[in-house]
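In: Kindly return the folded structure for what I paste below:
(one chain, ligands or ions: 3)
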Amino acid sequence: MLLMITVTNAGQNRLKESQLNELNLKVKSYSESLDYFFDATSEDVKGVAKHKTTYTFFANLASGMSMEYGLGSSLLQLRRNLVRLTKPDTTLSTSALFDRMLLVGFKSNVIADSHPRLPFDISRVPFDEMRAVDHKIDVFGKNDQMMIRVLENVYFNGELVGVVVGDINLDVIIRLLTAQEYENSNSKLDLATQQGMLPIWNTFDAEGNPIDFKQGNTLYFDQKVGKTPFRLHAWFEPVSESQIITSTWFTVGLSFLAAPVILGLYYSLRINNTNLVLTTKIEETHNQQAALTRQNERLKTEIDRRKMYEQELAYQATHDTLTRLSNRKSGDEKLRHALLQARREEMNVLVMFIDLDNFKQINDTLGHLAGDQILMQTAKRLKDSVRKTDVVARIGGDEFLLVIPNLNSEKQAQLLASKLLATFEDPFQLEASEFFVSTSIGMSIYPQDGENAEELMAHADTAMYRVKKEGRNGFSFYDSSMNTDVQRNLDIDARLRQAINQDELEMYYQPIIDLSTEQIVGAEALMRWDDEKLGFVSPEEFIPIAEKNGLIHKLGEIALHTACHQAQQWQSIQPLSIAVNFSAAQFRQKDTLMENILTALSNSGLEPSLLDIEITESLLFNHTLETVRLLEEIKQLGVYLSIDDFGTGYSALSYLQKFPFSKLKIDRSFLQEIETTPSSQELVNAIIAMAKALGLKVVAEGVETQWDKDYLQRHSCEFAQGFYYSRPLTKEAFEALLLDRAKNHTS
Ligand code: C2E
Ligand code: MG
Ligand code: MG
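Out: Numbers count the residues shown, from 1 in each chain. Ligands and ions are numbered 1, 2, ... in the order given. Below is the predicted model of the structure:
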């Protein structure tokens, strides 16, 4: 009996302890979901601050555009963008996260407001504090009037020009948390802020009054909410004695009952062995003992159940403990979420599988601690290479998942993959030694490579295995034309060397037109290769291969020398500048590059100011101080620099300001759909406005129709290039065109 009581008591204590752990985890999970909520709302507000409509507005403002022309429409866009965030999401049937959104000029007036009819006191914005931080979550007002706001600075040309203010819809917070709590739990939850308590819930007692948890025997938790200035205060009633079947009282009662029975039994046995009453009593004791055992069993089951729940909760925690990235489950969830959104907004999603090469070997030879170090550093490199809104998760030992929710183009994916590969070119630091680890990347794109998360993950995985098979340290798209044909790549590699040696590469020239006069003012030199075995090979196919095998330096030299020489000869027909494409890879051998430019200019006798070097955005990704210096040096020679294919990569304004460019070439993909897609028009307008604000001239590539030309002229784009005027031509054909135009001009 004594043993039974002890066991029961120990069990009860364990149960209480287990409840404490469970509640602790529960409060932590509330705080995590709140933290996530604030992350999401912060991203939204930041999204507005960094949104193209916001940029466009300030760019328009800076360039002194009239309301009628630019400002008006950009304001309309801006307001639409703000209002969108204060509207419930009907497809997901979720409430709006914000009650109100505003863009406020720095220390000036309200620029746009989702609810312009409601009064707004501009002094509510803590401008002075915002000078010190770019982002802030704070509380405004007290008690019933309490308001939680997310604030984000807006910059233009590096100058602080405004603040985006998002008033959080407090109902969403309350619903988010109440949805996670059992209906009949006796508890109270408050969100503690600098301005006081925001009550989330409080259980009522039988009389309908809120229970005062601050008194009596309650369990209290105080949990910080992630990166916010808030804390959660939670009170719970401990497991009610009545809920535990074998409560202390029940056990004590039983023992009281059992003691006289055993005593009686002892006496009765001594007095009369055949006493019928006594037999019944013995049976009763037996029954009670059995009941007690059963209760103990139920108690044990209850403890097991709670333990399992604890484990489940811990398992559900969304992060991988080693790398602090999202774990597989959460990565998977985020991918699903991204797909839902992409389906709604008709966007592409990139799914990337990243697997370290030979990781097992590292683990085996250097030990698990070294392996852990590499995984942690890998996580950091991946996180640092993408935007905050992109998803990075660790989904297995050395496998990572990356989700880019709004992919613009396959090219963007390709650039990102190259950028990731490049980050692995730096050695990993392990204690005193350095270690190189490469990785293999497989990619799939929604919707072309799969409709749902399972398909996309499986396909990215297949693509990754293909890279592994092809010798690792590379990337591949699932079933895409560019990287599938291994044999062709090998052929191109081999034949290209031969083509260079036998001088089989030819330069073509495409005119660049001044849109105000419609005269040819320049030409872009484009490389052509017609191989007798492979047929015509596009530069888009052989340039990337040449970048990998190092032939790009030779190709660059050929292009530059031929183009400069040719341009110099044409000066007698008509003054014109020559644009030559440079690959980012060429900038890795900066001495050779500089020497090349100098000899090409002196050999040909071409004026440096007639040479225009075109560079794509990928160079700017991983630029070093040296890159900037090299570009400055080139500029010093009097040569011009243009940014090519603008808008396809991670075009950031800040990049453009850092580098000494004079021209910006809008990628031809924008022109392709400009006639039918208003968003492309808007983008082109914004790019032109931005370029103007930065003092850059604009060249539109891919001008194919009269409509395109008229549109660009109306929007004050300076230069155009495209099939509408002429395809790239051989030097003879180009010369004929020049002569023809010159003749028409004079006659
Ligand atoms: P890019 O510098 O953007 O060159 C413009 C491309 O657009 C050329 O493709 C040109 O033929 C094409 N294009 C011009 N007008 C139109 C049009 O109206 N419609 C359409 N659909 N396309 C038009 P291309 O010659 O195939 O060259 C592709 C890319 O290869 C170039 O893009 C450039 O990045 C690279 N490239 C070409 N030659 C060289 C070179 O000598 N060196 C380096 N590093 N890259 C080169
Ligand atoms: Mg170009
Ligand atoms: Mg281009």
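In: alpha carbons only for contacts and neighbour counts from here, please
Out: OK.
In: hey, what's Val154 bridged with?
Out: For Val154, the beta-bridge assignment (DSSP bridges) gives partners Gly162.
In: Residue ranges of each domain in this structure, please.
Out: In terms of domains, the chain is parsed into 22-174, 272-308, 328-478, 489-740 (source: the TED database).
In: can you redo the ones you listed as CSV with mean neighbour count, mean pLDDT and distance to Thr218?
Out: Formatted as CSV, the entries for the domains of the chain read as follows, by neighbours: other Cα atoms under 10 Å; pLDDT from 0 to 100; distance: least, Cα to Cα, whole Å:
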stretch, mean neighbour count, mean pLDDT, distance to Thr218
domain 22-174, 18, 82, 12
domain 272-308, 14, 62, 20
domain 328-478, 19, 88, 34
domain 489-740, 18, 90, 54
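In: quick one, strands of the stretch 51-200 of the chain?
Out: Under the criterion DSSP state E, counting those that start in this stretch, the stretch 51-200 of the chain contains strands at 98-105, 110-113, 135-140, 147-156, 159-168, 187-193, 196-202.
In: For Ala691, which of these is the nearest?
Out: Across the strands of the stretch 51-200 of the chain, Ala691 has its closest neighbour in strand 147-156 (12.7 Å, Cα to Cα).
In: Would the lengthiest strand in the chain count as contacting ligand 3?
Out: The residue-count maximum for a strand in the chain (DSSP state E) belongs to strand 519-531. No: using Cα under 5 Å from the ion, no contact is recorded between strand 519-531 and ligand 3, whose separation bottoms out at 9.8 Å.
In: who does whichever helix or strand comes after that strand pair up with?
Out: Per DSSP states H and E, the first helix or strand lying C-terminal to strand 519-531 is strand 535-537. For strand 535-537, the pairing partners within the sheet under DSSP bridges are strand 519-531 (antiparallel).
In: outside of stretch 427-434, which residues touch it?
Out: Outside stretch 427-434, the residues that touch it by Cα atoms under 8 Å, 6 or more residues apart in numbering are Ala370, Gln373, Ile374, Gln377, Phe435, Phe436, Val437.
In: at 6 Å instead, please
Out: If you take Cα atoms under 6 Å, 6 or more residues apart in numbering as the criterion, stretch 427-434 is touched by Phe435, Phe436.
In: that older thread, dump the domains of the chain into JSON lines; add distance to ligand 1 as well.
Out: Conversion of the domains of the chain to JSON lines gives the following (distance: least, Cα to the nearest ligand atom, whole Å):
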{"stretch": "domain 22-174", "distance to ligand 1": "23"}
{"stretch": "domain 272-308", "distance to ligand 1": "58"}
{"stretch": "domain 328-478", "distance to ligand 1": "12"}
{"stretch": "domain 489-740", "distance to ligand 1": "3"}
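In: got a markdown table for those, with distance to Asn209 too?
Out: Formatted as a markdown table, the domains of the chain follow (distance: least, Cα to Cα, whole Å):
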| stretch | distance to Asn209 |
| --- | --- |
| domain 22-174 | 19 |
| domain 272-308 | 30 |
| domain 328-478 | 40 |
| domain 489-740 | 56 |
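In: wait, which of those is closest to Phe236?
Out: Of all these, domain 22-174 sits nearest to Phe236, with 8.1 Å by Cα to Cα.
In: can you give me the end-to-end distance of the closest one?
Out: 21 Å (Cα to Cα, to the nearest Å).
In: With stretch 188-202 instead?
Out: Per Cα to Cα, stretch 188-202 runs 4 Å from first to last residue.
In: so how far is it off the chain centroid?
Out: What separates the centre of stretch 188-202 from the centre of its chain is 32 Å, taken as Cα atoms, centre = their mean, to the nearest Å.
In: Give the buried residues for it.
Out: Along stretch 188-202, these residues count as buried under the neighbour rule (16 or more other Cα atoms under 10 Å): Lys188, Leu189, Asp190, Leu191, Ala192, Thr193, Met197, Leu198, Ile200, Trp201, Asn202.
In: just curious, which of those is nearest to Ser476?
Out: Relative to Ser476, and with distances defined as Cα to Cα, the nearest of the buried residues of stretch 188-202 is Leu191, at 48.0 Å.
In: got a list of what the nearest residue to Leu198 once chain neighbours are set aside touches?
Out: Here the nearest residue to Leu198 in space, its sequence neighbours aside, is Leu191; by Cα to Cα, 6 or more residues apart in numbering that works out to 5.0 Å. With contacts taken as Cα under 6 Å, 6+ apart, Leu191 has the following neighbours: Met197, Leu198, Arg231, Leu232.
In: Out of those, which comes closest to ligand 3?
Out: Sorting those by distance to ligand 3 puts Arg231 at the head of the list, at 52.0 Å, by Cα to the ion.
In: And for that closest one, the neighbour number?
Out: Using other Cα atoms under 10 Å, Arg231 has 18 other residues around it.
In: so how far is ligand 1 from the closest residue in space to it that isn't next to it in sequence?
Out: Leaving out its chain neighbours, the residue that sits closest to Arg231 by Cα to Cα, 6+ apart is Lys224, at 4.3 Å. Here Lys224 is placed at a distance of 51 Å from ligand 1 (Cα to the nearest ligand atom, to the nearest Å).
In: so which residue of the stretch 1-150 of the chain comes closest to ligand 3?
Out: Nearest residue of the stretch 1-150 of the chain to ligand 3: Lys52, at 21.6 Å (Cα to the ion).
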